[in-house]
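Asks: Take this sequence and fold it.
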Amino acid sequence: MTTKRIVVGAHYGLKDWLAQRITAVVLAAYTVVLGLAILAGPPLAQASWKALFASPFIRVLTVLAFVALAWHAWIGVRDIYMDYIKPTAVRLTLQVATIVLLFAYVIWAANILWSI
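Replies: Purely as a prediction, here's the structure:
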């Protein structure tokens, strides 16, 4: 007689691993692009920073980097909550608060970028 194996868990493994790698690559690419833009531009001063971030290309890349950072952070924090916060109500409250906070940070960053 064979017994069926009971599979448990949320099954996030591969998707989360891949998302973490993709967001890390996006953040690394953004760092390289921003670094090259800074090195190729005029000496750093408020006017040069303003000019750099006035470019629609840099603005879109920066928002994309903030979204990637928020997603990357969400996966890591969610895994910590799932591993170490056992009471479901507390874990759910922390997860919702984290989602709201990360979303607010992305909106705040976009708002700052488009107010330049």
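Asks: Centre-most residue in the protein?
Replies: L69 (1.9 Å; C-alpha atoms, centre = their mean).
Asks: Kindly provide the distance from that residue to T62.
Replies: Computed as C-beta to C-beta, to the nearest Å, the L69 to T62 distance reads 10 Å. Heads up, the C-betas are built off the backbone N, CA and C, glycines and all.
Asks: Least confident secondary structure element in the chain?
Replies: Of all helical and strand segments in the chain, the minimum by mean pLDDT, DSSP states H and E falls on helix 46-54, at a mean of 91.
Asks: helices or strands up against it?
Replies: helix 56-84 (3 or more C-beta pairs under 8 Å, 6 or more residues apart in numbering; DSSP states H and E).
Asks: gap between the helix or strand just after the helix it packs on and the chain center?
Replies: Next in sequence after helix 56-84, counting helices and strands by DSSP states H and E, comes helix 88-114. Here helix 88-114 is found 11 Å from its chain centre; the criterion is C-alpha atoms, centre = their mean, to the nearest Å.
Asks: With stretch 32-39 instead?
Replies: The chain centre lies 20 Å from the centre of stretch 32-39; the measure is C-alpha atoms, centre = their mean.
Asks: buried stuff in it?
Replies: L34 (16 or more other C-beta atoms under 10 Å).
Asks: ok, residues contacting it?
Replies: Defining contact as C-beta atoms under 8 Å, 6 or more residues apart in numbering, one finds that stretch 32-39 is touched by L44, L52, I58, L61, T62.
Asks: Phi, psi for the first one please.
Replies: Main-chain torsions, L44, degrees, to the nearest 10: phi -70, psi 120.
Asks: residues contacting it?
Replies: Here L44 is in contact with I38 (C-beta under 8 Å, 6+ apart).
Asks: Quick check, pLDDT for it.
Replies: L44 is assigned 85 on the pLDDT scale.
Asks: same question, the fourth one
Replies: According to the predicted model, the pLDDT of L61 comes to 96.
Asks: For it, give its distance to A54.
Replies: 13 Å.
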